[in-house]
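need a 3D model of the following:
(chains A and B)
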Amino acid sequence: AQSVTQPDARVTVSEGVSLQLRCKYSYSGTPYLFWYVQYPRQGLQLLLKYYSGDPVVQGVNGFEAEFSKSNSSFHLRKASVHWSDSAVYFCVLSGNYGSSGNKLIFGIGTLLSVKP
Amino acid sequence: GGIITQTPKFLIGQEGQKLTLKCQQNFNHDTMYWYRQDSGKGLRLIYYSITENDLQKGDLSEGYDASREKKSSFSLTVTSAQKNEMAVFLCASSPGTISYEQYFGPGTRLTVL
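Here you go, the predicted structure:
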């Protein structure tokens, strides 16, 4: 079955430290992967995407993610977090699901709290 | 760039009431989506539409109807609101149905009394 697992429901860090938010996926084919961010009372905004090629992809606001086929992972990283990065981060999988059509599969999200 | 607008931002209804949520996009995207977001459960797909007048059921379509009368708009109807229901409904659009990122609206927050 296709799925996305974000093992950390909540992460709290201090401003200026490095950050990694974990994401594992389950998919038999070649996955297309995204990270979205949701600020309070707003919709989701695309941070970055991976379709193919270089496994490290750069996104907005200094975020990057690394795809690993062997580990079935797509972890999100940032070298130095800012208090304004506090939000919910969703790891998302897209692929061809045959008779079920094509759709996005969302993880449950990781709530990031950055202490000033 | 473009934008997705959702109306209303907040919707309060009574049990059993039929409620309609509206979504407009000016990206000129072909595909539009409705998701339900519950706390701690991520997003679940209710309906999507790949073109004007097309409707496809998602994982959570029971209890909902949808309508895509124009390329730019996609409406969702809660056919009979359930008491104590509280969720955020997010509309999204994308240029295609496979492996394209989706762009989201700000959401409609539903409360049923």
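
for the rest of this, base every contact and every neighbour count on C-alpha atoms.
Will do.

what's the closest non-adjacent residue to the residue sitting nearest the centre point of chain B?
Of all residues in chain B, the one closest to the mean position by C-alpha atoms, centre = their mean is B:Trp34, 2.8 Å from it. Counting by C-alpha to C-alpha, 6 or more residues apart in numbering or on different chains, B:Trp34 lies nearest to B:Cys91, which is 4.7 Å off, once chain neighbours are set aside.

show the pLDDT at that neighbour.
If you check B:Cys91, the pLDDT there is 96.

skipping its backbone neighbours, what lies nearest B:Leu11 in space?
Counting by C-alpha to C-alpha, 6+ apart, the nearest residue to B:Leu11 once its immediate chain neighbours are dropped is B:Leu110, at 4.9 Å.

typo on my end, it should be B:Gly96
B:Thr31 (5.9 Å).

wouldn't that neighbour be in contact with B:Cys91 here?
No - at 10.8 Å, B:Thr31 does not count as touching B:Cys91 under the criterion of C-alpha atoms under 8 Å.

related to what we said a few turns ago, which residues touch the residue nearest to B:Trp34?
Counting by C-alpha atoms under 8 Å, 6 or more residues apart in numbering or on different chains, B:Cys91 touches B:Ile4, B:Gln6, B:Cys23, B:Met32, B:Tyr33, B:Trp34, B:Tyr35, B:Phe104, B:Gly105, B:Pro106, B:Gly107.

can we see that at 7 Å?
B:Cys91 sits next to B:Cys23, B:Tyr33, B:Trp34, B:Tyr35, B:Phe104, B:Gly105, B:Gly107 when contact means C-alpha atoms under 7 Å, 6 or more residues apart in numbering or on different chains.

go on, A:Ser80?
Contacts for A:Ser80 (C-alpha under 7 Å, 6+ apart) come out as A:Gly16, A:Val17, A:Ser18.

could you identify the helix or strand that succeeds the helix or strand containing B:Val88?
For B:Val88, the host element (DSSP states H and E) is strand B:86-94. Heading C-terminal from strand B:86-94, the first helix or strand you meet, by DSSP H and E, is strand B:103-104.

distance of the closest residue to A:Pro55 other than its chain neighbours from chain B?
Closest residue to A:Pro55 apart from its sequence neighbours, by C-alpha to C-alpha, 6+ apart: A:Phe67 at 4.8 Å. Using C-alpha to the nearest C-alpha, to the nearest Å, we find A:Phe67 at a distance of 16 Å from chain B.
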